[in-house]
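**Student:** kindly generate the corresponding structure for this input.
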Amino acid sequence: MHIHFIAIGGSAMHNLALALHHKGDTITGSDDEIFEPSKSRLQIAGLLPESFGWFPEKITFDLDAVILGMHAKADNPELLKAQELGLKIYSYPEYLYEHSKNKTRVVIGGSHGKTTITAMILHVLNYHNVSVDYMVGAQLEGFDTMVHLTNENDFIVLEGDEYLSSPIDRRPKFHLYKPNIALLSGIAWDHINVFPKFENYIEQFKIFIDSIVKGGSINYNEEDPEVVKVVEASENTIRKIGYQTPEYSIENGVTYLKTPEGPMPIEIFGKHNLNNLAGAKWICQHLGVDEDDFYEAIATFKGASKRLEKIAESNSAIAYKDFAHSPSKVEATTIAVKAQYPERTLVACLELHTYSSLTPEFLKEYQGALDAADIAVVFYSPHAVEIKKLQPITLQQIADAFKREDLIIFTDPQEFKSYLLNRYFKNSTLLLMSSGNYGGLDFEEVKNII
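**Tutor:** Purely as a prediction, here's the structure:
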């Protein structure tokens with residue numbers, strides 16, 4: 001097939017383009033800007049557009065399909081031309097469903113943990129040479145791309161995101177996959193620019209559960225009351241299987257998972273990650289991997305990229321960076337790191353970077369999120385607020401939201417950088433939480449202070 005990508009440079013879009021290229025399809029694409037690592041990866045595959053911009057002349061009757069990315073706008077010139085010609089236009093999730101409609105679809109949903117759970121499942125399957133198609137939202141160790149598609153594999157494992165599908169399809173992505181096997185890890189209000197009320201956000205998960213193929217199954221975190229409510233309320237004729245955090249212990253900074261064969265050391269840590277592990281184990285068992293084989297494989301799992309990723313360690317200090325940005329994720333990550341190194345001073349730094357976190361009415365959701373830290377730091381850029389065309393946020397609003405008198409707040413990237421680089425980190429743990437980069441912080445410099 002000849003498939004054209006409108007906004008090929010996105011993280012998800014360029015991975016799908018690479019996957020279809022590897023499968024043997026002819027791929028072309030356009031974008032008005034492409035950053036690393038997408039740019040280099042597309043260039044190596046020969047898929048990088050010759051010049052940036054939108055070129056309606058690329059849209060012809062020769063195309064079998066057009067895939068539209070979220071970065072494009074509804075009035076995109078190439079999209080308008082494709083509509084004019086009556087070409088088949090897919091959103092990213094629509095195309096994944098089209099590819100997998102004759103496969104067994106496994107979809108991992110939830111406000112938090114879905115990337116880690118999907119990564120755990122793929123790690124275990126890869127360890128045991130079980131081949132599946134997949135789409136995951138982070139780069140994984142041992143995997144070339146975040147998307148892998150074939151004609152022959154029977155299963156596809158999909159990370160089910162609740163964000164919108166495309167500029168012309170306002171449905172959440174995970175509503176389109178129609179899973180045979182599903183998992184729901186947790187529900188905590190997010191994406192308030194799309195779901196301004198918590199009730200509206202909850203509704204998306206109800207629709208997800210009802211979209212499961214009749215006779216299918218859902219594994220769900222029965223420690224999350226919102227998850228329990230929506231699963232138990234569903235009248236869909238599916239099997240409902242709850243899971244809980246397994247028993248574990250921490251000794252000298254190492255987490256041990258309780259197994260039938262005794263305590264087993266694992267690379268990951270934190271109650272939330274052990275809960276994720278329990279969900280992943282169920283899904284792997286659905287896919288034919290028994291408990292013993294799961295434990296053997298999961299012992300070597302080090303985590304998904306940017307999820308509690310260790311960036312530096314010395315005899316007396318350690319540093320992690322994490323993608324956490326929503327209140328529930330920030331709280332869970334901070335608690336996990338403090339529990340892992342209780343005798344060390346935890347310096348937790350959070351960047352308020354997303355649309356939700358920079359919205360004054362949402363800030364109150366962060367109350368208590370950094371309480372487990374010995375030293376709590378918040379950074380935000382007034383320039384980022386301006387770019388996103390949001391109401392200005394004051395230092396007092398942030399202080400009032402977190403309700404922590406000793407909270408340290410920075411708005412200048414250089415001042416924040418200076419604070420970090422001039423701090424003495426002996427017997428300390430540094431935790432950097434953000435979906436951004438603190439206004440240009442060089443993490444290589446951070447490694448030198450640990």
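**Student:** longest strand in the protein, by number of residues?
**Tutor:** Longest among the strand segments of the chain by residue count, using DSSP state E, is strand 345-352.
**Student:** what's the average pLDDT for that strand?
**Tutor:** What strand 345-352 shows for mean pLDDT is 96.
**Student:** so what touches the next helix or strand after it?
**Tutor:** Sequence order places helix 360-363 as the next helix or strand after strand 345-352, per DSSP states H and E. Residues outside helix 360-363 that contact it (CB atoms under 8 Å, 6 or more residues apart in numbering) are 192, 356-357, 391, 393, 397-398, 401. In this view, the C-beta of every residue, glycine as well, is placed from N, C-alpha and C.
**Student:** tabulate the residues you listed (a markdown table), appending distance to M120.
**Tutor:** A markdown table is the format used below for the contacts of helix 360-363 (distance: CB to CB, whole Å):
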| residue | distance to M120 |
| --- | --- |
| I192 | 29 |
| S356 | 26 |
| S357 | 27 |
| Q391 | 39 |
| I393 | 36 |
| Q397 | 38 |
| I398 | 34 |
| A401 | 33 |
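**Student:** one step back: direction included, what does the longest strand of the chain pair against?
**Tutor:** Using DSSP bridges, the strands paired with strand 345-352 in its sheet are strand 375-380 (parallel), strand 428-433 (parallel).
**Student:** next, the buried residues of the last one.
**Tutor:** When you say that, I think you mean strand 428-433. Under the neighbour-count criterion of 16 or more other CB atoms under 10 Å, strand 428-433 has 428-433 buried.
**Student:** ok, the residues you listed vs I44, which is closest?
**Tutor:** I44 has its nearest neighbour among the buried residues of strand 428-433 in L432, at 29.9 Å by CB to CB.
**Student:** in the chain, what spans have low per-residue confidence?
**Tutor:** 388 (pLDDT under 70).
**Student:** how does it divide up, domain by domain?
**Tutor:** For the chain, the structural domains run 2-87, 95-298, 309-447, going by automatic domain parsing.
**Student:** roughly how far apart are M146 and L257?
**Tutor:** The gap separating M146 from L257 is 27 Å, by CB to CB, to the nearest Å.
**Student:** looking at the two, which has the bigger crowd around it?
**Tutor:** M146 (23 against 20; other CB atoms under 10 Å).
**Student:** still on that earlier bit, can the strands paired with strand 345-352 go into CSV with extra columns for distance to M120?
**Tutor:** Below are these laid out as CSV (distance: least, CB to CB, whole Å):
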stretch, distance to M120
strand 375-380, 30
strand 428-433, 21
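**Student:** of those strands, which is nearest A17?
**Tutor:** Here strand 428-433 is closest among the strands paired with strand 345-352 (CB to CB), at 30.4 Å.
**Student:** show residues contacting the helix or strand following that closest one.
**Tutor:** Moving toward the C-terminus from strand 428-433, the next helix or strand (DSSP H and E) is helix 443-447. When contacts are defined by CB under 8 Å, 6+ apart, helix 443-447 is touched by residues 311-312, 319, 321, 417, 420-421, 430, 432, 437.
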